[in-house]
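Student: sequence and predicted structure, then a few things I'm wondering about:
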Amino acid sequence: VWELFWANWYGATIVFAEAEGHKDSNYLIELINKENITISHFVPSMLSVFEDTLEVEISQNKCNTLNPIPSLRYIFCSGEELKLSHVQKCSKLLPTIGIHNLYGPTEASVDVLYYDCTNKNLEQICIGKPISNTQAYILDNNLKPLPIGAVGELYIGGAGLARGYLNRPELTAE
């Protein structure tokens, strides 16, 4: 959801890929370069394919090896687990960009936690810290807060949390 509003908040432009274009990494690289796109959002499995394509383009000298996508400043990933290998490969191929992991279940208006993965010495990918107007808690079975590092259940609160499931009172009660 944020992707649709963020650009308007800051006076930017949203560029949509053509129908089914998201499945063609060569097309996406060309589109990003043509439209001077600065921020992109990927599902991690799509990022992996994008990275593989970019790696081939670089190895075949089809683009500038030092900065193959000069306009791109940030990549955001969500929807699946972002693996450390994705981040490391992205950092190698696009060393000047920032990469961020976003996390959030559907019940929480999608993305509610973020983690900056730009650090080149990163050893693990975390789901991150809450965005503005959001709280995150790790609780035990008695709904008591746990100390940092303890294993428990993630509870999310704040302005972005849904009040329940539409027309599904039993699921909301659960």
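Tutor: Yep, it's here. Residues are numbered from 1 along each chain as shown.
Student: this protein: strands as residue ranges?
Tutor: Taking DSSP state E, the strands of the chain run over residues 39-42, 74-77, 98-103, 113-116, 129-130, 134-139, 153-158.
Student: counting neighbours, what do you get for Leu4?
Tutor: 8 (other CB atoms under 10 Å). Any C-beta I mention is one placed from the backbone N, CA and C, and that applies to glycine too.
Student: now do the one 4 residues further on
Tutor: The tally of other residues near Asn8 (other CB under 10 Å) stands at 10.
Student: go on, the one 5 residues further on?
Tutor: As a burial measure, the neighbour count of Thr13 was computed by other CB under 10 Å and equals 10.
Student: give me the outermost residue of this protein relative to its centroid.
Tutor: The C-alpha centroid of the chain is most remote from Asn142, which lies 31.9 Å away (CA atoms, centre = their mean).
Student: one step back: dump the strands of the chain to CSV, plus mean neighbour count and distance to Glu55.
Tutor: Listed next are these as CSV, based on neighbours: other CB atoms under 10 Å; distance: least, CB to CB, whole Å:
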stretch, mean neighbour count, distance to Glu55
strand 39-42, 20, 15
strand 74-77, 21, 15
strand 98-103, 21, 16
strand 113-116, 18, 24
strand 129-130, 16, 31
strand 134-139, 16, 35
strand 153-158, 14, 35
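Student: for those strands, could you give me a markdown table that also reports distance to Tyr165?
Tutor: As requested, the strands of the chain are exported to a markdown table (distance: least, CB to CB, whole Å):
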| stretch | distance to Tyr165 |
| --- | --- |
| strand 39-42 | 25 |
| strand 74-77 | 26 |
| strand 98-103 | 20 |
| strand 113-116 | 21 |
| strand 129-130 | 22 |
| strand 134-139 | 19 |
| strand 153-158 | 15 |
